[in-house]
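In: structure, please.
(2 chains, ligands or ions: 4)
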Amino acid sequence: MSPLPSQPLLSVKNLKKHYATKFSLFGRATRVVKAVDGISFDILKGETLSLVGESGCGKSTVGKTIIGLLQPTSGEIELGGARIDNLSPDAFRAQRKRIQIVFQDPFSSLDPRMRVRDILAEPIHNFGLARNAADLKSRVDDLLDVVRLPKDAASRFPHEFSGGQRQRIGIARALAAEPDLIVCDEAVSALDVSVKAQVVNLLQDLKDRFGLALLFISHDLAIVDHITDRVAVMYLGKIVEVAPRGPLFENPLHPYTQALLSAVPTPTPGRKTSRTVLRGDLPSPANPPPGCNFHTRCPLAFDRCSRETPVLRSTGPDQMAACHLID
Amino acid sequence: MALLEIENLQTHFRTSDGINRAVDGLSLEVRPSETLAIVGESGCGKSVTSMSILRLLPENITKTAGSIRFHGRDLLKLTESEMRGIRGNEISMIFQEPMTSLNPVLTIGRQIRETIALHRTVSRAEMDGRAKDMLALVGIPDPARRLQEYPHQLSGGMRQRVMIAIALACDPKLLIADEPTTALDVTIQAQVLELLADIQAKSKTSIILITHDLGVVAEIAHRVVVMYAGRKVEEASVEDLLTRPRHPYTVGLLGAVPKIGVGGDKMRLVEIPGLVPNLKQRIAGCVFANRCPKARDLCLEFAPALEQKAPAHVVACHFAEKEGLAA
Ligand SMILES: Nc1ncnc2c1ncn2[C@@H]1O[C@H](COP(=O)(O)OP(=O)(O)O)[C@@H](O)[C@H]1O
Ligand SMILES: Nc1ncnc2c1ncn2[C@@H]1O[C@H](COP(=O)(O)OP(=O)(O)O)[C@@H](O)[C@H]1O
Ligand SMILES: [Mg+2]
Ligand SMILES: [Mg+2]
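Out: Numbers count the residues shown, from 1 in each chain, chains lettered A, B, ... in the order given. Ligands and ions are numbered 1, 2, ... in the order given. So this is what the prediction gives:
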């Protein structure tokens, strides 16, 4: 059953993932890293939502929780209207097919002893998607074609490919399961500029062709501007702003989004003059500042910001931000 | 007169399957108090160039030829002990990953003092004073306390600042920064780039900035050398290179870089088709010919010479137009 148009494909509700990293003598957690601390978002069928923010803000933790690699501390994850965060392993496996992931490092995420053919056949097999051996072979051939790899790639091993080609294999493997949603966790971040452009264009094409939804996790805002429909900006485990691509890049509301955008260097001559350079480093998620998490680095912070935590508020069609300045 | 003059540098490695011509006939110069960027995709020979300048090359090197004149002296002809007097003193270097070049078991203060002691005979008190000044110079708050700390107690951005402090401790004439901000978040990258630009304005140190990121180039470089497959393919002032690139590779790179504000559905990134050539095979013609949209038979047969195609703008391409030069 496909979800009704009004119903989101994926719905994340007040998701938390906390890690206890130190314990007292009596086993009580004395240091808790709030990697993800109460975030909510939806992804529609065929939509690309990007999660952006500095390293350590919790992006990967969100991705891993959604695909079931991590158990949430609390909160709910719904796929097509049904909870998937509290399923038995068997029940989860059936849903697992619908969400696939592509990681940053194509080198470590492919089994070096398997030929590409077998890497791609595995999910087809596991999810019972092929009718017979001939169907399996033609599916593998199609996948290679779809990600623009040569046919003879099937009989080769991962180490025989360049970084960009390996990432195509990773994408083909994700597609093999015929998912509704692919989580791309920094999937193009390690690639060289010219190859990155090839893979980003490929992702765009696949998304259009198969009506795929993407959760595109990236610290690279420029790439996000080229690929996304909407953006959620994270800071210390929380979403501070969500908006469609246009408003987010043209009219960012949260001071953190503004600072993040202004820090991106562009290949046009001359130093940026209107840059907001953030002072200081990211605070530790084990010991986040009181009030607004961002107030220690915010150029616009005032007294209320260190006392009171701002909540995400609607500021326009589809746009929300958590900042006392936009009350 | 140039501070550093590299002429026809060749650095080749022995590998299990042949000779890797990592740097193959590179010439460039660095002028007093300028920032020269060397830009290119991974494997094009940027790091091997910097290691050749400092003579920090691995065992499996089969050939270094050409000359590297620093203040008129050919570094390739110096003895190892003469080289030790130059490294960290007249020429120093910072790397992408500060953790690998900082000693984890020594305090920050001790590491700065050791660098100074290697090249200067000064009292402990003078060294401490200098160490504190250096940390203050690179914008580390509370320098006296930081001197007592170990590298792991610092954030990534702070470690890179410490690396810069150590590199500048002896007032080098030339600072080589090899991907100094690649491992950092954009917000921290902006801080470090601002620091490098400030330091240069104050101390007049020449900088070789090695990067794969044309955005970073635009931020702080004065002139740019574009490398491809171990060679220089284009050289120009930063304005000229970014606004009037003449080599098809540079044109391709600039098109492939995602830029904020021009994204969205209709904006595809320009792809450079194919892959970089194998440096273990001799390439008769132009190194870029197999990926070049303008290539003709001529390009496959004859390597184009580096030629001045516009004032202070050098390009290795048979088809780059000449402009603005007296006949
Ligand atoms: N297994 C773990 N135990 C403790 N802390 C963790 C663990 N995994 C991640 N973290 C912490 O959670 C935070 C978020 O991590 P992550 O989701 O990887 O961030 P991002 O992907 O945005 O860089 C970081 O502070 C990280 O150190
Ligand atoms: N120790 C080595 N032995 C063999 N080949 C090497 C060695 N170091 C670097 N190379 C090769 O030299 C070429 C240039 O490398 P490098 O200068 O590190 O590139 P980059 O431009 O990414 O810094 C690459 O093909 C690389 O594989
Ligand atoms: Mg991550
Ligand atoms: Mg390098």
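In: next one: the biggest helix by length in chain B to chain centre, how far?
Out: Ranked by residue count, the top helix of chain B under DSSP state H comes out as helix B:186-203. Relative to its parent chain, helix B:186-203 has a centroid offset of 15 Å by Cα atoms, centre = their mean, to the nearest Å.
In: following that helix, which helix or strand comes up?
Out: Sequence-wise, the next helix or strand downstream of helix B:186-203 (DSSP states H and E) is strand B:206-211.
In: what part of the chain, helix or strand, is modelled with the least confidence?
Out: Since you didn't name a chain, this refers to chain A. Least confident element among the helices and strands of chain A, by mean pLDDT, DSSP states H and E: helix A:89-96 (a mean of 81).
In: that's the wrong chain, I meant chain B
Out: helix B:98-101 (a mean of 76).
In: can you pull out the helices in the chain?
Out: In the absence of a named chain, this looks at chain A. Secondary structure of chain A (DSSP H): helices at A:59-66, A:89-96, A:116-126, A:133-146, A:163-176, A:193-210, A:221-227, A:245-250, A:255-263.
In: think we crossed wires, I meant chain B
Out: Along chain B, the stretches classed as helices by DSSP H are B:46-53, B:80-86, B:98-101, B:108-119, B:124-137, B:143-146, B:156-168, B:186-203, B:214-220, B:238-243, B:248-256, B:297-301.
In: save the helices of chain A as CSV, and put in distance to A:D318 too.
Out: For every residue, glycine as well, the C-beta is placed using N, CA and C. Converted to CSV, the helices of chain A look like this (distance: least, Cβ to Cβ, whole Å):
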stretch, distance to A:D318
helix A:59-66, 20
helix A:89-96, 27
helix A:116-126, 34
helix A:133-146, 32
helix A:163-176, 28
helix A:193-210, 20
helix A:221-227, 17
helix A:245-250, 8
helix A:255-263, 15
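In: could those helices go into a markdown table alongside mean neighbour count and distance to ligand 2?
Out: A markdown table is the format used below for the helices of chain A (neighbours: other Cβ atoms under 10 Å in any protein chain shown; distance: least, Cβ to the nearest ligand atom, whole Å):
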| stretch | mean neighbour count | distance to ligand 2 |
| --- | --- | --- |
| helix A:59-66 | 23 | 26 |
| helix A:89-96 | 12 | 38 |
| helix A:116-126 | 19 | 23 |
| helix A:133-146 | 15 | 27 |
| helix A:163-176 | 24 | 12 |
| helix A:193-210 | 20 | 12 |
| helix A:221-227 | 24 | 20 |
| helix A:245-250 | 19 | 31 |
| helix A:255-263 | 23 | 24 |
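In: out of these, which gets nearest to B:A312?
Out: With Cβ to Cβ, the closest approach to B:A312 among the helices of chain A belongs to helix A:193-210: 25.1 Å.
In: what is the mean pLDDT for that closest one?
Out: Mean per-residue pLDDT for helix A:193-210: 90.
In: what bits of the chain have low per-residue confidence?
Out: If you meant another chain, say so; for now it's chain A. A:1-5, A:271-274 (pLDDT under 70).
In: please go with chain B instead
Out: Residues of chain B that meet the cut-off, pLDDT under 70, sit at B:263-266, B:327.
In: quickly list the domain ranges of it.
Out: Per automatic domain parsing, the domain ranges recorded for chain B read B:4-90+B:172-315, B:101-171.
In: got those as a markdown table, with distance to ligand 2 and mean neighbour count columns?
Out: Output for the domains of chain B, formatted as a markdown table (distance: least, Cβ to the nearest ligand atom, whole Å; neighbours: other Cβ atoms under 10 Å in any protein chain shown):
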| stretch | distance to ligand 2 | mean neighbour count |
| --- | --- | --- |
| domain B:4-90+B:172-315 | 3 | 19 |
| domain B:101-171 | 15 | 18 |
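In: quick revisit: just how off-centre is the least confident helix or strand of chain B within its chain?
Out: Per Cα atoms, centre = their mean, the centroid offset for helix B:98-101 relative to its chain is 17 Å.
In: do stretch B:94-114 as well
Out: 20 Å.
In: quick one: that stretch near chain A?
Out: No: Stretch B:94-114 is not in contact with chain A by Cβ under 8 Å from any Cβ of the partner chain; minimum separation 13.1 Å.
In: and the end-to-end length of stretch A:318-327?
Out: Distance between the two ends of stretch A:318-327: 16 Å, counting by Cα to Cα, to the nearest Å.
In: can you check stretch B:169-180 too?
Out: Stretch B:169-180: ends 17 Å apart by Cα to Cα.
In: which residues touch the least confident helix or strand of chain B?
Out: By Cβ atoms under 8 Å, 6 or more residues apart in numbering or on different chains, the residues outside helix B:98-101 that reach it are B:I94, B:F95, B:P151, B:G156, B:R159, B:Q160, B:V162, B:M163.
In: how many residues are close by the first one?
Out: Using other Cβ atoms under 10 Å in any protein chain shown, the number of residues around B:I94 comes to 23.
In: and it, what are its bridge partners?
Out: Counting by DSSP bridges, B:I94 forms beta bridges with B:A177.
In: ok so, going back, buried set for the least confident helix or strand of chain B?
Out: For helix B:98-101, a neighbour-count test (16 or more other Cβ atoms under 10 Å in any protein chain shown) marks B:P98, B:S101 as buried.
In: with stretch A:146-165 instead?
Out: Those would be A:V146, A:V147, A:L149, A:A153, A:A154, A:R156, A:P158, A:F161, A:G163, A:G164, A:Q165, for stretch A:146-165 by 16+ other Cβ under 10 Å.
In: and the longest helix of chain B, what does it pack onto?
Out: Applying 3 or more Cβ pairs under 8 Å, 6 or more residues apart in numbering or on different chains; DSSP states H and E, we find helix B:186-203 packed against helix A:255-263, strand B:35-39, helix B:156-168, strand B:206-211, helix B:214-220.
In: out of the ones you listed, which gets nearest to B:L76?
Out: Closest among those, using Cβ to Cβ: strand B:206-211, at 16.8 Å.
In: parallel or antiparallel, which strands does the closest one pair with?
Out: strand B:35-39 (parallel), strand B:174-178 (parallel).
In: so which of those is nearest A:I171?
Out: strand B:35-39 (28.0 Å).
In: now the closest one, how far from the centre of its chain.
Out: Averaging C-alpha positions (Cα atoms, centre = their mean) puts strand B:35-39 6 Å from its chain's average.
In: give the contact list for residue 161.
Out: Chain wasn't specified; assuming chain A. A:A153, A:I169.
In: that's the other chain; I wanted chain B
Out: By Cβ under 8 Å, 6+ apart, the contact set of B:R161 is B:L135, B:V138, B:G139, B:I140, B:V192, B:L195.
In: and the fifth one, how far is that from B:D178?
Out: Taking Cβ to Cβ, to the nearest Å as the criterion, B:V192 is separated from B:D178 by 13 Å.
In: again, but for the fourth one
Out: Counting by Cβ to Cβ, the separation of B:I140 from B:D178 is 22 Å.
In: just so I know, which of the strands paired with strand B:206-211 lies nearest A:S55?
Out: Using Cβ to Cβ, the nearest of the strands paired with strand B:206-211 to A:S55 is strand B:174-178, at 20.6 Å.
In: what's the closest of the strands paired with strand B:206-211 to ligand 1?
Out: Nearest to ligand 1, of all the strands paired with strand B:206-211, is strand B:174-178, at 23.9 Å by Cβ to the nearest ligand atom.
In: that closest one vs helix B:156-168, what angle?
Out: Relative orientation of strand B:174-178 versus helix B:156-168 (axes from the mean of the first three to the mean of the last three Cα atoms, to 10 degrees): 150 degrees.
In: contacts for strand B:174-178, please.
Out: The contact list for strand B:174-178 (Cβ under 8 Å, 6+ apart) reads B:3-4, B:30, B:46-47, B:50, B:53-54, B:70, B:90-96, B:167-168, B:196, B:205-210.
In: chain neighbours aside, what residue packs nearest to A:T21?
Out: Closest residue to A:T21 apart from its sequence neighbours, by Cβ to Cβ, 6 or more residues apart in numbering or on different chains: A:R31 at 5.0 Å.
In: who touches the one you found in this structure?
Out: A:A20, A:T21, A:K22, A:A286 are the contacts of A:R31 under Cβ under 8 Å, 6+ apart.
In: list the contacts of the longest helix of chain B.
Out: Counting by Cβ under 8 Å, 6+ apart, A:54, A:219, A:221, A:259-260, A:263-265, A:271, A:275, A:277-279, A:281, B:33, B:35, B:137-139, B:156-157, B:160-161, B:164, B:168, B:171, B:177, B:180-181, B:184, B:205, B:207, B:209, B:216, B:219-220 sit against helix B:186-203.
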